[in-house]
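Undergrad: Below are the sequence and a predicted model for it; my questions follow.
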Amino acid sequence: MCKTGIVYSDRYLKHKTGLFHPESPKRLLEAMNALRKNGFINNERCMLIPPRKASLDEIKLVHSEEYIDLVKEISERGGGYLDPDTPLSKESFEVALLAAGGILKICEKVLSREVRNGFGLVRPPGHHAGFKGRALSAPTAGFCVFNNVAIAAANLIRKQNFRKILILDVDCHHGNGTQEIFYSSSDVLFISLHQDPLTIYPGTGFIEEKGVGEGEGFNINIPLPPGSSDDIYIEFLDEVVMPVVKEFKPEFVLISAGFDAYKGDPITSMNLSSYGYSYAFLKALEIASISSAGRLVASLEGGYGEGLSRALVTVMSVLTGVSSPLKDKRTKSDPYVIGKARKVLEEIKKAFRDYWPL
């Protein structure tokens, strides 16, 4: 058992969003072309895995029946807008079930040890979708339909009796839907590294959003200033993420893998290179190997420029244990940005020192 599983289907391309929408089928085509070109499809490194549909009962673990019915109704009438940012086509409901089911299936393959770890190259994405769609104070569902990672976590808890799931969200936007769903749960440790919510959608993900009840202290937001580069991400991974997750000892690691923090992404303002993403995945693999028998599954979220293909190839190199064929120059933050980030680091350590060894 030495392969990395990749969930993919051409059926994911049938979720149509319109000619000029950032979250288009073209994203997946370019990503798959990059993986093929660099030798990551159906060989000694990787196994291509077709998705299955998630059942409605599996979806209902995190979404209301009314919201599920709304998505279905819009699709059945030929498509329309779930909200101003989130168009649906007639196939979108079925494709969204396949996206959630794809992540469920790769988790099943990891649990059965048919693959070592996995990446879900799925769409539509999910981390902005909350219980009723729009989550917290967000104006829209942000291109998302069903919360694929949250559905996987909820099913691992319900079906496998896991009580320690790590969700690490590296998308440039805050995973407000995931936060909302698990805000009062200590079964899920949710850590999100994202651009300062004062400067970007969805406007949530501040440090003081720490969870409530049993979930207090298990929701950790890391809002980083625009322009943050590899050096800042590495510092926060080393000084916040790793100490917390080592103490938590997750039984399964899930990653909301958004590649829109990559430098030059058309709708964000961060400055990561492929190296920053590879470092995050190396640390996640380290934790998985220590406490969860290597169980790790990532699910595609955002990424709307060349960073999707470039960083994805580098991440797949990390998951498969081979040297990346693509090299990026490591990025460095401006001194002003570093100063702002250091203040965020101090605030996080102060806010969570009573919960974790920071």
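TA: Good, I have the coordinates.

Undergrad: Show me where this structure dips below the pLDDT cut-off.
TA: Segments of the chain classed as low confidence (criterion: pLDDT under 70) are 1-2.

Undergrad: Could you rerun that using 80?
TA: Where the chain drops to pLDDT under 80, the residues are 1-2, 42.

Undergrad: Going by length in residues, pull out the top strand of it.
TA: In the chain, assigned by DSSP state E, the strand with the most residues is strand 188-195.

Undergrad: In terms of secondary structure, what does that strand contact?
TA: strand 165-169, helix 176-182, strand 219-224, helix 242-248 (3 or more C-beta pairs under 8 Å, 6 or more residues apart in numbering; DSSP states H and E). Just so you know, the C-beta spots here come from the backbone N, C-alpha and C atoms, and that holds for glycine as well.

Undergrad: Looking at those, spot the one closest to residue 290.
TA: Checking those against residue 290 by C-beta to C-beta gives helix 242-248 as the closest, at 7.3 Å.

Undergrad: what comes up buried for that closest one?
TA: 244, 245, 248 (16 or more other C-beta atoms under 10 Å).

Undergrad: I figured the second one hits residue 166, correct?
TA: Spelled out, that is residue 245. Yes: the pair residue 245 and residue 166 qualifies as a contact (C-beta atoms under 8 Å) at a distance of 5.7 Å.

Undergrad: All the strands of the protein, residue numbers only.
TA: Taking DSSP E as the criterion, the chain carries its strands at 4-7, 46-49, 79-83, 86-89, 117-120, 165-169, 188-195, 219-224, 252-257, 296-300.

Undergrad: contacts for the third one?
TA: Read that as strand 79-83. 16, 70-71, 74, 87-90, 92, 133-134, 139-141, 145 (C-beta atoms under 8 Å, 6 or more residues apart in numbering).

Undergrad: Residue 196: which of these is nearest?
TA: Once C-beta to C-beta is applied, the member of these that ends up nearest residue 196 is residue 139, at 17.6 Å.

Undergrad: Pull up the gap between that closest one and residue 203, please.
TA: Between residue 139 and residue 203 the distance is 8 Å, computed by C-beta to C-beta, to the nearest Å.

Undergrad: the more surrounded of those two?
TA: Taking other C-beta atoms under 10 Å, residue 139 and residue 203 do not tie; residue 203 has more neighbours (16 against 12).

Undergrad: re earlier: got a markdown table for the strands of the chain, with distance to residue 101 and mean neighbour count too?
TA: Conversion of those to a markdown table gives the following (distance: least, C-beta to C-beta, whole Å; neighbours: other C-beta atoms under 10 Å):
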| stretch | distance to residue 101 | mean neighbour count |
| --- | --- | --- |
| strand 4-7 | 9 | 24 |
| strand 46-49 | 11 | 20 |
| strand 79-83 | 19 | 16 |
| strand 86-89 | 18 | 22 |
| strand 117-120 | 10 | 28 |
| strand 165-169 | 18 | 27 |
| strand 188-195 | 20 | 26 |
| strand 219-224 | 27 | 24 |
| strand 252-257 | 15 | 27 |
| strand 296-300 | 12 | 29 |
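
Undergrad: Would you reformat these as a markdown table and include distance to residue 30?
TA: Shown next, in a markdown table, are the strands of the chain (distance: least, C-beta to C-beta, whole Å):
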| stretch | distance to residue 30 |
| --- | --- |
| strand 4-7 | 15 |
| strand 46-49 | 17 |
| strand 79-83 | 24 |
| strand 86-89 | 20 |
| strand 117-120 | 15 |
| strand 165-169 | 23 |
| strand 188-195 | 23 |
| strand 219-224 | 26 |
| strand 252-257 | 15 |
| strand 296-300 | 12 |
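
Undergrad: and residue 240, which of the ones you listed is closest to it?
TA: For the strands of the chain, the distance to residue 240 is smallest for strand 219-224, at 6.3 Å, taking C-beta to C-beta.

Undergrad: helices or strands up against the closest one?
TA: Under the contact rule (3+ C-beta pairs under 8 Å, 6+ apart), strand 219-224 is packed against helix 176-182, strand 188-195, helix 230-236, helix 335-352.

Undergrad: Can you list the strands that that strand pairs with?
TA: Its sheet considered, strand 219-224 pairs with strand 188-195 (parallel) by DSSP bridges.

Undergrad: how big is the angle separating the strand it pairs with from strand 165-169?
TA: 10 degrees (axes from the mean of the first three to the mean of the last three C-alpha atoms, to 10 degrees).

Undergrad: got a list of what the closest residue in space to residue 52 that isn't next to it in sequence touches?
TA: Residue nearest to residue 52 in three dimensions, not counting chain neighbours: residue 101, with 4.5 Å by C-beta to C-beta, 6 or more residues apart in numbering. Contacts for residue 101 (C-beta under 8 Å, 6+ apart) come out as 51, 52, 53, 54, 58.
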